[in-house]
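J.: need a 3D model of the following:
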Amino acid sequence: MTGPNPEPQDRNGQVRIEMLGTPRITGGTHAHTLRTTDLAALIRLRPGRTTEYLCRAMDPVNPWSTRSLHPRLSELRNEIGLTDDETPLLPRPKNGSGYVFHPAVASDWHQFQQPAATGLAGSPAQGTADLESTMALVCGRPFDGRTLPWADPVIQEMLSRITDTTHTLARRHSDGDTPDLDAARRTVLQALDIEETSEVLHRDLLHIERAAGNPAAVRRTVSRLQQMARTYDITLDTLTENTIKLVLSDHPSPITAS
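T.: Numbers count the residues shown, from 1 in each chain. You can find the predicted model right below:
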């Protein structure tokens, strides 16, 4: 498949493959089909894979043929274009090597990972801004709306890191002499929309609402948590059950409980 000559990319409009929400490609020259976007995500997350691997991964039940794959690759090359020095952003493999994007091609997941690691390891004073910046990249459930067997392991990793980041942010916003419970609540609610089965985030929200003096919100959160457990046939952790008893009692609520 041939197409118009791709235009060099302006670095202010860097090509980026987004996966922390509905998959899409930003900064390219054309609109992108779902299949082309899925293929781009696969190559970005599994660099160096062969033609045979890509064909199997894109449809494990009915693997693509090379006749199906190559037009998609050509379409992707045309859509994302070239670097400023006219180097293809998706070079053709040489000497048996696999498919790898040019380093100029970014992804929101890779942009999330390093600041998240730095923020989680840093002190509240130094690391909170990094965690806030990583959560700003999250637009929804990873690969929202797409069923991609090859992506299942990385989706679970993404959800785990989002949960860890949110939990740490909630604690940091809730700690200290001047806690910002509104910021803590916003962070937790954003993550619960993405990972509604996370008990640690439900516990965070219960402690936040208890500390804020919102008994009605506490009861709503307990009901939401119990409904989630029924929907997914989950037996709640002992810690979660104890947290429910605590926030519904008259005892003080430790905001930073695990």
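J.: and the gap between Gln114 and Ser107?
T.: Per C-beta to C-beta, to the nearest Å, Gln114 is found 12 Å from Ser107. C-beta coordinates here come from the backbone N, C-alpha and C atoms, glycine included.
J.: how about Ser160?
T.: 18 Å.
J.: one more: Leu159?
T.: 17 Å.
J.: ok, residues contacting stretch 234-254?
T.: Stretch 234-254 is contacted from outside by 197, 199, 202-203, 206-207, 209-211, 218-219, 222, 225-226, 228-229, 257-258, using C-beta atoms under 8 Å, 6 or more residues apart in numbering.
J.: isn't Met158 right up against Leu45?
T.: No: contact between Met158 and Leu45 fails when scored by C-beta atoms under 8 Å: they sit 10.3 Å apart.
J.: need the residues touching each of these two.
T.: With C-beta under 8 Å, 6+ apart as the test, Met158 and Leu45 both reach Met19, Trp109.
J.: more neighbours: which of those two?
T.: Met158 (23 against 17; other C-beta atoms under 10 Å).
J.: once you drop chain neighbours, what's closest to that one?
T.: Pro142 (4.2 Å; C-beta to C-beta, 6 or more residues apart in numbering).
J.: isn't the one you found right next to Leu20, touching?
T.: Yes: between Pro142 and Leu20 there is a contact under C-beta under 8 Å: 5.6 Å.
J.: can you pull out the strands in the chain?
T.: For the chain, the strands defined by DSSP state E cover 16-18, 24-26, 106-107.
J.: tell me which of those sits most buried.
T.: Most buried of the strands of the chain by mean neighbour count (mean count of other C-beta atoms under 10 Å) is strand 16-18; its value is a mean of 22.
J.: what is the burial count for Pro215?
T.: The burial count for Pro215: 12, using other C-beta under 10 Å.
J.: who's in contact with it?
T.: Not one residue lies near Pro215 by C-beta under 8 Å, 6+ apart.
J.: how near is it to Asp164?
T.: According to C-beta to C-beta, Pro215 and Asp164 sit 29 Å apart.
J.: now do the contacts for Thr187.
T.: Counting by C-beta under 8 Å, 6+ apart, Thr187 has contacts Met135, Thr166, Leu169, Ala170, His173.
J.: leaving out sequence neighbours, find the closest residue to it.
T.: Nearest non-adjacent residue to Thr187, counting by C-beta to C-beta, 6+ apart: Leu169, 4.8 Å away.
J.: I'd assumed Glu132 was in contact with the one you found.
T.: Yes: using C-beta under 8 Å, Leu169 makes contact with Glu132 at a distance of 7.0 Å.
J.: what about the two, which has more around it?
T.: For Leu169 versus Glu132, neighbours defined as other C-beta under 10 Å are more numerous around Leu169 (27 against 17).
J.: for Arg35, which non-adjacent residue is closest in space?
T.: Among residues not flanking Arg35 along the chain, Arg72 sits closest, at 6.3 Å (C-beta to C-beta, 6+ apart).
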